[in-house]
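>>> Using only what follows, build the 3D model:
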Amino acid sequence: MKKVLLFLLLVTLLFSACTSQEKSLQGSWSLTAYGPEGATTPAAPDSQASITFNDDGTLNGNSGCNGFGGEYSVEGDQVRFSELVSTLMACEEPLMTQEGTVFQVLNDTASYQIDGDTLTITKDGTALVFTAAEAGSLPQ
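Sure thing, here's the model as predicted:
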C-alpha cells in the first residue's frame with residue numbers, strides 16, 4: 001500500500017510540475033493591436049506585422065514596414081531585447097506610426113504576458129498585442 005501511495009504522490013508531483021510551467025514566447029505571433037495600454041489601435045490592415053521567437057534566443061519579424069532581427073532573453077515575466085537591427089524603408093501612415101510603437105516597446109526590457117493564444121508585450125504604458133500565428137501563415 002505504501003508503494004502505491006508513493007507512486008501516486010510522485011505522479012501528482014510530476015503532473016503539477018509539467019502543468020505549472022510558464023508558457024513560452026517561442027513561435028510566431030501576428031500583431032493585432034498597438035498603442036497605449038487599455039486604448040490600443042488595431043494593427044494596420046494588410047501590414048502582416050509579426051514577430052518570431054526562435055529557441056536559440058534569436059528573433060525576427062516585420063513591423064509592417066521594415067523587417068528586423070536580433071536577440072532576446074527571458075527572466076520571469078520580463079523579456080530583454082538586444083542587438084536589434086532593421087531595414088530602413090520609409091512607408092506611408094499608419095505603418096510608420098505602428099513601426100515607431102513596435103520599436104519603442106522592443107527597445108531593451110519589457111514585460112510580457114501570455115493569455116491563451118494572445119501575447120501582450122508592454123513597456124512604459126505602451127502595449128503590443130499579438131495572436132499566435134498558424135504554422136506557415138507568416139511571410140518569410
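
>>> Sticking with Glu99, tell me its helix or strand.
helix 95-105 (DSSP states H and E).

>>> ditto for Leu128
strand 126-132.

>>> By mean pLDDT, point me to the weakest helix or strand of the chain.
helix 2-19 (a mean of 44; mean pLDDT, DSSP states H and E).

>>> can you pull the buried residues of stretch 63-72?
Going by neighbour count (16 or more other C-beta atoms under 10 Å), the buried part of stretch 63-72 is 63-66, 68, 70, 72. C-beta: built from backbone N, CA, C; applies to glycine.

>>> List of residues touching the strand holding Leu128?
27-37, 40, 50-51, 101-102, 104-106, 117-122 (C-beta atoms under 8 Å, 6 or more residues apart in numbering).

>>> Also stretch 70-82?
With C-beta under 8 Å, 6+ apart, stretch 70-82 has contacts from 25, 53, 57-59, 83-85, 106-113, 121.

>>> Weed out the non-buried ones from those residues.
25, 53, 59, 84, 106, 110, 112, 121.

>>> Now render those residues as CSV, adding distance to Ala132.
Supplementary listing: the buried ones among the contacts of stretch 70-82 in CSV, determined by distance: C-beta to C-beta, whole Å:
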residue, distance to Ala132
Leu25, 11
Phe53, 11
Leu59, 15
Leu84, 22
Leu106, 18
Ala110, 18
Tyr112, 13
Ile121, 14
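
>>> returning to that earlier point: narrow the contacts of stretch 70-82 to those in helices?
Judged by DSSP state H, the subset of the contacts of stretch 70-82 located in helices is empty.

>>> number of nearby residues for Thr131?
15 (other C-beta atoms under 10 Å).

>>> Okay then, goodbye and thanks.
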